[in-house]
Structures are given as structure tokens and as C-alpha cells.
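**Q** Turn this into a model:
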Amino acid sequence: MKPELELTTLVRRVKRKRWILTVLVALGVSLVMLVGGYQLVQQLTRRDSNHRSDYLWTIAEIKAPNILANDHYLVNPTAFGGQVLSHRYKRIAGQSIAWSPAVANYALRGSTSPVVDQTTRGPRGGLYDVETQQKIPEFFNQHLTTKEKRTQAIVETQELAQVVRTRRMVGEVALTFKRPMTYREIRQQLPAGLTAAWFWIGLPQGAVTLDNDFLGVQSRDAADEVTGRLTARQYREFRQKLTTAAHRYPRELTINDFSLFRYGGQYAQRYRSLATAEFAGVIVTGTSAAFKKLGTPRWVAASSAGVVVPQAPVTPTLPK
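**A** Numbering: from 1, shown residues only. Next up is the predicted model:
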């Protein structure tokens, strides 16, 4: 009986070892799968966050009417997604004006609503920034027919005179031209004291007008100071960014088969130099006194005021 008992004990020990080994192997495989799955999730979300980050940089360069960005980072990160955020501001007649941040969602499988809308229509019309409640300057497509404007409920505004009547204020106004103008023509038309801050490339005939979805180029230097001037190099870089956006984001901002970025790519192909480029409008900034010099010019088809705030007093420089 003793040999049989020893054999039974040996069999039990072998089974026990096999079960322990099986459990350890299963735990090891589960751990590897868990770590590998987590890394895969992180890789997929990182890819979408990079994609959305690149998109925010793109709109900061070509689709930010007189808006500047000063940072760019991830917020509210989780294993399955988060947000990319960029704080923004405006520079008007030497004054910095806070603006709502640009926010884009990213997710494991890609966000279905990647960009968070930061604009709203006021009760009496006009477009406003959600966070700051500052008015947004708007442009108007001069290629639309009267019927198309009526169908889209578009009412062109004439708000330049309101800004002209102000005192001790600084502001921005979007001027829509009656006909496209070159950079040189725009500079010749503006009086001293007014800064051409942002040049709008316009919209084609029949294109649906999108709220604040305008493409254009900012006049600024390396320190992000608005200068009112464009250089040939700045325009070349702008054309390259339009072309890149047309290839990377042909489906973004598309309504009724009209793609805003694809149109930007077509514009870049048509106007290859700053000397020949034509603009449909411009955002000008300045003081009340400077706007009085402009008056109500005949070459302006519509005007839309944006931020208009009291002029900050000049702070004297104290001697050291």
C-alpha cells in the first residue's frame, strides 16, 4: 500500500505544480496583454492628439481673423482621449485683448466632433465670442446673388460709422471690398494710424458663408506684433500653409460640397506672389481718431465692427 500512497502523493504534487504554473502563465499573459493593450491605446490616442494639435496650429496660421495664439498643450488627458488647448488673444492699437481658447477633442478612434465651437449669435444679430462676449468682425461674400443672400438670411452690415463716432476708443473693423484689391492698393487706401491687421482671401461664387470661417494672412513680426505690412516671404509661407491644409484637411469645414481648405489651396495656386494676390477684405485696427480719418470710403461694400474697448492710458516710463 505504501508505494501506491507515494505514487498518489506524487501525482497530486505534479498536478498542483501544473496548476500553479498554468495560473502563473495566465497571469503573465494577461499582464503582457494589459500592458500591450494600454500602450496600443496610448499610441492611438497620441496619434489623434497629434493630428488635432496640427489642425489647431493650422487654423491659428490661416483661419484666425486678427487672433494670435501664445501656447499649445494637452488638457484633461485620460487613457482614451482628452483635449488640445491653445490660449489666444488680440492686439489692437498696442493693447492686448483676451480671447477664448481654441479647443480640439482627441480620442482613441478619432473624435467625431473634434473642434469645440467658441462663437454664438447675439439676440440682435452679430457674432460673439462665447468666453469673452466680445463681438467678432465678419466679412460678406460679394459673389453671392441677392437670392442667395436672402436664402442664407445674410444681411450686410454698415458699422464703420458707429466706430467713427466713438471717442478715446480702440477697435477693429472688418472691411469687405466692393471689388478685390491688391496689397499695394489696400495700403494706399488706408490713412496713417490705421493698421491692416489681417487680409481676407474671400470666397468663391455660390459658396455658403460660414460663421467666422474665413481664410487669410496676419500682418505680424517675429514678436507677434501686428505691423500692418506683409513681406514676400510671409506670403510664400502663407501659400504653403494653404496648400498643406488643402491636402491634409479637405473634409474639414465642408458644407454643401464646398470645402474651405480646398478653396484655400486653389487660391494659393492662382495667386503665386504678393504682388499679384488679390484680397476681398481686410481687418483694420486703430484708435477712434484714426478711424475718423478713414470716414466712410466708397470702396467698402460692408463693414463689421469687432472688439471696441476704451483706449488704455499711456503708462509713463519711470527713470531708473
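**Q** Just the buried residues of the helix or strand harbouring F261, please?
**A** Using DSSP states H and E, F261 maps to helix 260-270. For helix 260-270, a neighbour-count test (16 or more other Cβ atoms under 10 Å) marks 260-265, 267-268 as buried. All C-beta spots, glycine's among them, are computed from the backbone N, C-alpha and C.
**Q** which other residues reach it?
**A** For helix 260-270, the external contacting residues (Cβ atoms under 8 Å, 6 or more residues apart in numbering) are 62-63, 201, 203-204, 207, 210, 213, 215, 239-240, 242-243, 245-247, 249-250, 252-254.
**Q** Repeat the analysis, applying 10 Å as the threshold.
**A** 58-59, 62-63, 201-204, 207-208, 210, 213-216, 235-236, 238-254, 259, 276-278 (Cβ atoms under 10 Å, 6 or more residues apart in numbering).
**Q** how far is that helix from where the chain is centred?
**A** 17 Å (Cα atoms, centre = their mean, to the nearest Å).
**Q** Between helix 260-270 and the helix or strand following it, find me the angle.
**A** Next along the chain after helix 260-270, taking DSSP H and E as the criterion, comes strand 278-287. For strand 278-287 against helix 260-270, the angle by axes from the mean of the first three to the mean of the last three Cα atoms, to 10 degrees is 110 degrees.
**Q** name the helices or strands packed onto strand 278-287?
**A** If contacts are counted by 3 or more Cβ pairs under 10 Å, 6 or more residues apart in numbering; DSSP states H and E, strand 278-287 sits against strand 81-92, helix 160-164, strand 169-182, helix 183-189, strand 195-200, strand 216-218, helix 288-294, strand 300-310.
**Q** To A104, which of those lies closest?
**A** strand 81-92 (4.7 Å; Cβ to Cβ).
**Q** Check which residues of that closest one are buried.
**A** Buried, per 16+ other Cβ under 10 Å, within strand 81-92: 81-86, 88-92.
**Q** got it, and stretch 245-260?
**A** 245-246, 249, 252-253, 259-260.
**Q** Kindly check the end-to-end length of that stretch for me.
**A** With Cα to Cα, to the nearest Å as the measure, stretch 245-260 spans 10 Å from end to end.
**Q** With stretch 174-192 instead?
**A** 17 Å.
**Q** in it, what's buried?
**A** So for stretch 174-192, counting by 16+ other Cβ under 10 Å, buried means 174-177, 181, 183, 186, 189-190.
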